[in-house]
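Q: sequence-free structure coming up:
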């Protein structure tokens, strides 16, 4: 069955899309950096501050109870969204970066020592590289890297050779932010689990595009950002299996995360609060809940179908132009296209494309190792969401034609 | 010609163009006229850290004036550099340190002045002024 929605109706859900930049309609193709927010999310954030802003989990008053209830309801919603076994396996963070740092600091403190190894891959975002480098430096551990093949897929055989009894954790991306590669994470997880090595997934690029089922994947840790999932900035999620959260020490100290405090000894609160020190982002969390409901209303079946069409349309148009090199040609790919125009510097190209009202990202996309691997000064990246259209792609193509004319 | 006069001249040249495309085309042309930097000065230590395009800047001090040569791997950035060199090259350290460089704003290139993740233009101006200050200090000591 072909799902049909009125694209204009969908676009009207996102107020920001309806504007002009440089006197041209805005074309927003930077969704891998952050997605836009539907009005229902924006209204929810404002509504929280207008009507029931209050601190959670303390105080007996009406507003606090209302805020606490709304906040904890989102935890249940997220439990269902990612199919976690327990709601207390959902920890709220500022975003993916904080979630990875939490695991690196807390899991690392308990389980990673001198001579141990952590495995990541060559296509990771800096956020899934630097926390592990910091941990390895501190613990005297070693960072091992799964190489990427020419088509943008990870070298599974090389990965199998990297796994050994010193490996304490594997942390890899679910979907590459630069190449769009959808990593077949399940087989990576299964291989690690044979040696009882836990696996963390960076889902920053996955949550807006594909259904996540942590039990089916079998991952031990999963993280994603609200702001890349149509929700506000500053709210994100760490999923971790209960058995790990139970064993891990707290990440930060403060209010909320404690059970009892004396100057001699402090005892930790139950999960997940042990990992949520301080006043949380209540408004952002409630708005994240609205974003999740919005996505569920549209459905990943439709989102996947639309984004595949957009990806195929853009890829075909670029390939028919000549002089375009697409970086990342994995068979399983999300709607992210990184490319170069002839030998033109991405900064030059991006400057002109911008003047056509098209928002693309240029540069290394916080993945310098990929640029080094493919010997590139950077790329132009167009990343699309289900609210984008074929007409918008035509505007990008028109801009690229102008770039070719100006710089060749 | 004083720095302000050169700046005014550049602003006037750019005012001829109504269309942003023509302005960029003119900037690209300016970049082509930038004197070639000696390859021996196009080294890592002369590289200015900007996130997106690479910029090399070399400075020498002779007869009380600072002489700059520079290059970039991006064409638009090279155009902007050529304007900076035109305004600031072969000036005294004091002239360089005191320059306001309002022309960048006036010709509508402010977007290239974004302090982060841009083309290193801000770092480049800082580096030029730093060279001027260093030469001045050396001269006085």
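A: Noted; the coordinates are in hand. It should be emphasised that the depicted structure is a prediction, and the values quoted were computed from it without experimental measurement.

Q: per-residue pLDDT, the residue lying closest to residue B:2 once chain neighbours are set aside?
A: Leaving aside its sequence neighbours, residue B:2 sits nearest to residue B:95 (C-beta to C-beta, 6 or more residues apart in numbering or on different chains; 7.9 Å). (C-beta placed from N, C-alpha, C; glycine too.) pLDDT, residue B:95: 94.

Q: thought residue B:95 was touching residue B:5?
A: No: contact status for residue B:95 versus residue B:5: not in contact, 11.8 Å apart, counting by C-beta atoms under 8 Å.

Q: out of the two, which sits in the busier spot?
A: Using other C-beta atoms under 10 Å in any protein chain shown, the more surrounded residue of residue B:95 and residue B:5 is residue B:95, with 16 against 10.

Q: rewinding a little: Three-state assignment for the residue nearest to residue B:2, please.
A: Per DSSP: H, G, I helix; E, B strand; the rest coil, the local secondary structure of residue B:95 is helix.

Q: now residue A:179
A: The three-state assignment at residue A:179 reads coil, by three-state DSSP.

Q: chain B contacts on the stretch 301-408 of chain A?
A: Residues of the stretch 301-408 of chain A that fall close to chain B, judged by C-beta under 8 Å from any C-beta of the partner chain: A:344-348, A:350-352, A:354-355, A:362-364, A:377-378, A:402, A:406-407.

Q: ok, chain A next?
A: Checking chain A against chain B by C-beta under 8 Å from any C-beta, the hits are A:22, A:344-348, A:350-352, A:354-355, A:362-364, A:377-378, A:402, A:406-407.

Q: give me that answer again for 6 Å
A: Taking C-beta under 6 Å from any C-beta of the partner chain as the criterion, the neighbours of chain B within chain A are A:345, A:347, A:348, A:351, A:355, A:363, A:407.

Q: buried subset of these?
A: Buried members of those, counted by 16 or more other C-beta atoms under 10 Å in any protein chain shown: A:345, A:347, A:348, A:351, A:355, A:363, A:407.

Q: so which of those comes closest to residue A:269?
A: Nearest to residue A:269 among those: residue A:363, at 41.7 Å, using C-beta to C-beta.

Q: what bridges to that closest one?
A: Residue A:363 forms beta bridges with residue A:379, as assigned by DSSP bridges.

Q: can you map out the strands along chain B?
A: Secondary structure of chain B (DSSP state E): strands at B:47-48, B:55-62, B:65-72.

Q: doesn't residue A:233 lie inside a strand?
A: No: secondary structure of residue A:233 (three-state DSSP): coil, not part of a strand.

Q: with residue A:97 as the reference, measure out to it.
A: The gap separating residue A:233 from residue A:97 is 12 Å, by C-beta to C-beta, to the nearest Å.

Q: who has more neighbours out of these two?
A: Using other C-beta under 10 Å as the criterion, residue A:233 and residue A:97 rank with residue A:97 on top: 20 against 15.

Q: for chain B, which helix is longest?
A: helix B:121-140 (DSSP state H).

Q: what's the mean pLDDT across that one?
A: Helix B:121-140 shows a mean pLDDT of 87.

Q: centre of the chain versus it, how much separation?
A: 12 Å (C-alpha atoms, centre = their mean, to the nearest Å).
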